[in-house]
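> Just the structure for this:
(2 chains)
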Amino acid sequence: MLPCPSSSRGKCKLLRLQELQTPPVSSKVFIQRDYTSGTICRFQTKFPSELENRVDKQQFEDTIQTLNNLYAEAEKLGGRSYLEGCLACLTAYTVFLCLETHYEKVLKKISRFIKDQNEKIYAPRGLLLTDPIERGLRVVEITIFEDRGVGSGR
Amino acid sequence: MKSCEYQQIDPRALSVSPLSAQSHPQTKAQRPRRKWEVFPGKNRFFCNGRIILSRQSGVLPLTLGLIVITCGLFFAFDCPFLVEHLTVFIPVIGGALFVFVILSLFRTSFTDPGILPRATPDEAADIERQIDSSGSSSYRPPPRTKEILINQQVVKLKYCFTCKMFRPPRTSHCSLCDNCVERFDHHCPWVGNCVGKRNYRFFYSFIISLSFLTSFIFGCVITHLTLRCHAGKSLIQAIQESPASIVELVICFFSVWSILGLSGFHTYLVASNLTTNEDIKGSWSSKRGAEDSGNPYTYNGIIKNCCATLCGPMPPSLIDRRGFVPLDEAAAAACTSEIELPPFTAKNDTNMCTQSTKDVLERMLHSSDFHGVCPAGPPKTSPLGLEASDSLGAARAPSMCSRRADSPCTTCARSRKDSLHSINPAFRLASPSPSLPRVNLALSDTQEKGFIPLP
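Numbers count the residues shown, from 1 in each chain, chains lettered A, B, ... in the order given. Predicted coordinates:
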């Protein structure tokens, strides 16, 4: 890291001020996908060690399990999805341009659920769950803040 | 401020229009950008991100042209005769098939095939940490793989160096599109796009309907010529009366074999829940002799496999093309160009760098550590020299840095550099097609590098 050149000392001062105003993000934990049942969307329910002092293990596992159940509901192969598929085929797939698919509806439900969990359980403990759809359904990103309370993390 | 020969690069000497490039960061910093504008893969976007196409559109125009021309000739030359002699339903059926084929083709070509967004820098760092901690510390094992159990079967997950993540099962990286695609089947040049999880059903309906269409037209043309011959004329005479029929006959004859063959092949793949990629690589064939369930993804039933592949739920697009780039990332993109603006204005009159533009730019792009210089970096060139941008740049840079206190600007700059590196830098700068943000970054990258040797 280069030292601040003399002419940009003003900028360095601004930098320090800005740092004080926003709480620094401490770290992130990533819950990876669980592929043991195939390519369906499931996340590992193993409790990460970084959260040991932060949140109750059972609560965390319940959150992840509910998420998994919601994704299973979205990807369920059943009468409804077959009907949707056949209708789409008959209309040469133009029906998806107007209607919302079942998956999209469940995704909205999932973001409401995550927002709800953040407000009730995780934010008071200085944690923030990121909706997996924002990470390409690869991971559940949990941001751990050093200071308790509202942060501007991802 | 120490003077450096690199400081005084006159942006007007740069090949890329500096005024527009430098003024744009200001306006772009205020205008929120959509994610498709900063997408790192080799894709083209239209209608403000609604339509996605591979940058290599292959022979899509040819495909479209062949279909349209053949059907046009059919409706113009064969249908009038057949309607008169047979039934009016012939053009009706032909028209319906044609519409279905065209719609399926467009849906296949313009739909996101299931592109996985690249890992964020934090994710990539986390995965690297896990690999380093679990692997040997003495040397770096060349291919990074992870073995997992899927339905009691061992499957190897490979690490993608471009996307910086372990590829989910059945995902493959398409080198033409430079993206990881879920349930990757193949990159089809005829449709100008990859065929993957999200558009496989459209592709399948395209080839099935196209085989029906070509067979239908082939049959109708044969019927047409036969009817003309039956009216007492010779074949040559019949052909002379309807020359377009020969053109259609030739096109359909050659298409029908390949399309029917392809349809048959893909029907087999659908029934066994395989992808072209897996079939060609023989991923499960060695086990097929031993047990029926060599393929861990099969539902062990033809009907169920077909339903799952073709009528399953439609997964959403993961790349969120029309979403807006989060402000901190936008600031990161803009900061490298903006922060350079202010200090140069004072030094505009001192020594000008006399190096050729391309030399400078190429040298800077090939540097590896420019991002060590963060916002508090040395002055950059700016023809505008605006006070407004001075304060703006100063304010933005620190805020950007403070947000990334634990993962410094190096990571954000590095991730952008990685995405830039996917294309030849010299070519990128010369061509106007790369989006302006990248040009800005390239400019600022080069300028930053020039300042590193400053004492």
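
> which secondary structure elements does the host helix or strand of B:Ser263 contact?
If you go by DSSP states H and E, B:Ser263 is part of helix B:244-271. Packing contacts for helix B:244-271, counted by 3 or more C-beta pairs under 8 Å, 6 or more residues apart in numbering or on different chains; DSSP states H and E, involve helix B:60-73, helix B:200-230, helix B:276-281, helix B:302-310. (C-beta placed from N, C-alpha, C; glycine too.)

> May I ask you to name the longest helix in chain A?
The residue-count maximum for a helix in chain A (DSSP state H) belongs to helix A:57-74.

> Next, the buried residues of that one.
A:60, A:63-64, A:67-68, A:70-71, A:73-74 (16 or more other C-beta atoms under 10 Å in any protein chain shown).

> swap in stretch B:40-58?
B:40-43, B:45, B:49, B:51-54, B:56, B:58.

> Can you lay out these as a markdown table showing distance to chain A?
As requested, these are arranged in a markdown table below (distance: C-beta to the nearest C-beta, whole Å):
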| residue | distance to chain A |
| --- | --- |
| B:Pro40 | 13 |
| B:Gly41 | 13 |
| B:Lys42 | 18 |
| B:Asn43 | 15 |
| B:Phe45 | 17 |
| B:Gly49 | 15 |
| B:Ile51 | 12 |
| B:Ile52 | 15 |
| B:Leu53 | 17 |
| B:Ser54 | 19 |
| B:Gln56 | 23 |
| B:Gly58 | 21 |
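
> List the ones among those residues that fall in strands.
B:43, B:45, B:51-54 (DSSP state E).

> tell me which of the residues you listed is nearest to B:Asp122?
The closest of those to B:Asp122 turns out to be B:Asn43 (C-beta to C-beta; 24.3 Å).

> contacting residues for the closest one?
If you count contacts by C-beta atoms under 8 Å, 6 or more residues apart in numbering or on different chains, B:Asn43 has them with B:52-55, B:115, B:177, B:179.

> let's go with 10 Å and repeat that
Counting by C-beta atoms under 10 Å, 6 or more residues apart in numbering or on different chains, B:Asn43 touches B:36, B:52-56, B:112, B:115, B:177-179, B:193-194, B:319, B:321.

> Please apply the same query to A:Tyr122.
Residues in contact with A:Tyr122 (C-beta under 10 Å, 6+ apart) are A:51, A:54-55, A:59-60, A:63, A:114, A:128-129, A:142-144.

> go with 8 Å
For A:Tyr122, the contact set (C-beta under 8 Å, 6+ apart) comprises A:55, A:128-129, A:142.

> re earlier: close to chain B, is the longest helix of chain A?
Yes. Helix A:57-74 comes into contact with chain B (C-beta under 8 Å from any C-beta of the partner chain), by way of A:Ala74.

> mind saving the C-alpha coords of the helix or strand just after that helix as PDB?
Using DSSP H and E, the helix or strand that directly follows helix A:57-74 along the chain is helix A:79-90. Only the C-alpha atoms of helix A:79-90 are listed here, as PDB (Å, rounded to 0.1, in the frame of the first residue of the first chain):
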ATOM      1  CA  GLY A  79     -49.400 -32.000 -11.700                       C
ATOM      2  CA  ARG A  80     -49.000 -28.200 -11.600                       C
ATOM      3  CA  SER A  81     -45.600 -28.100 -13.200                       C
ATOM      4  CA  TYR A  82     -46.700 -30.500 -15.900                       C
ATOM      5  CA  LEU A  83     -49.800 -28.500 -16.600                       C
ATOM      6  CA  GLU A  84     -47.700 -25.300 -16.900                       C
ATOM      7  CA  GLY A  85     -45.200 -27.000 -19.200                       C
ATOM      8  CA  CYS A  86     -47.900 -28.400 -21.500                       C
ATOM      9  CA  LEU A  87     -49.700 -25.100 -21.600                       C
ATOM     10  CA  ALA A  88     -46.500 -23.300 -22.500                       C
ATOM     11  CA  CYS A  89     -45.700 -25.800 -25.200                       C
ATOM     12  CA  LEU A  90     -49.200 -25.400 -26.800                       C
END
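
> wait, doesn't A:Val95 sit right on A:Ala88?
Yes. With contact defined as C-beta atoms under 8 Å, A:Val95 counts as touching A:Ala88 (5.2 Å).

> who's more crowded, the two?
Neighbours per residue, other C-beta atoms under 10 Å in any protein chain shown: of A:Val95 and A:Ala88, the larger number sits with A:Ala88, 22 against 14.

> on that earlier part again, could you dump the contacts of A:Tyr122 into JSON lines and include neighbour count?
Shown next, in JSON lines, are the contacts of A:Tyr122 (neighbours: other C-beta atoms under 10 Å in any protein chain shown):
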{"residue": "A:Val55", "neighbour count": "18"}
{"residue": "A:Leu128", "neighbour count": "21"}
{"residue": "A:Leu129", "neighbour count": "22"}
{"residue": "A:Ile142", "neighbour count": "22"}
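
> which among those gets closest to chain B?
A:Ile142 (11.2 Å; C-beta to the nearest C-beta).

> Dihedrals phi and psi, that closest one?
Here is the backbone geometry of A:Ile142 (degrees, to the nearest 10): phi -120, psi 120.

> Quick check: closest non-adjacent residue to it.
Excluding the flanking residues, the one nearest A:Ile142 by C-beta to C-beta, 6 or more residues apart in numbering or on different chains is A:Val29, at 4.5 Å.

> Next, the buried residues of the host helix or strand of that neighbour.
Applying DSSP H and E as the criterion places A:Val29 in strand A:25-31. In terms of neighbour count (16+ other C-beta under 10 Å), strand A:25-31 has its buried residues at A:25-26, A:28-31.

> what does stretch B:71-88 give?
Neighbour counts over stretch B:71-88 (16+ other C-beta under 10 Å) mark B:71, B:73-75, B:77-79, B:81-82 as buried.

> repeat for stretch A:41-54
Buried, per 16+ other C-beta under 10 Å, within stretch A:41-54: A:41-44, A:47, A:51, A:54.

> got the contact list for that stretch?
A:27, A:29, A:31-36, A:57, A:60-61, A:64-65, A:67-68, A:71-72, A:74-75, A:125-127, A:132, A:137, A:139-140, A:142, A:144.

> and the end-to-end length of it?
26 Å (C-alpha to C-alpha, to the nearest Å).

> Stretch A:126-138 too?
Across stretch A:126-138, first to last residue, C-alpha to C-alpha, it's 23 Å.

> I'd like the average pLDDT over it.
Taken as a whole, stretch A:126-138 carries a mean pLDDT of 90.

> Contacts (any at all) between chain B and that stretch?
Yes. Against chain B, stretch A:126-138 shows contacts by C-beta under 8 Å from any C-beta at A:133-138.

> What count of nearby residues applies to the closest residue to chain B within chain A?
Nearest to chain B, among the residues of chain A, is A:Gly85, at 3.0 Å (C-beta to the nearest C-beta). Counted by other C-beta under 10 Å, the residues lying close to A:Gly85 total 22.

> quick one: contacts for it?
Counting by C-beta under 8 Å, 6+ apart, A:Gly85 makes contact with B:201, B:307, B:310-314.
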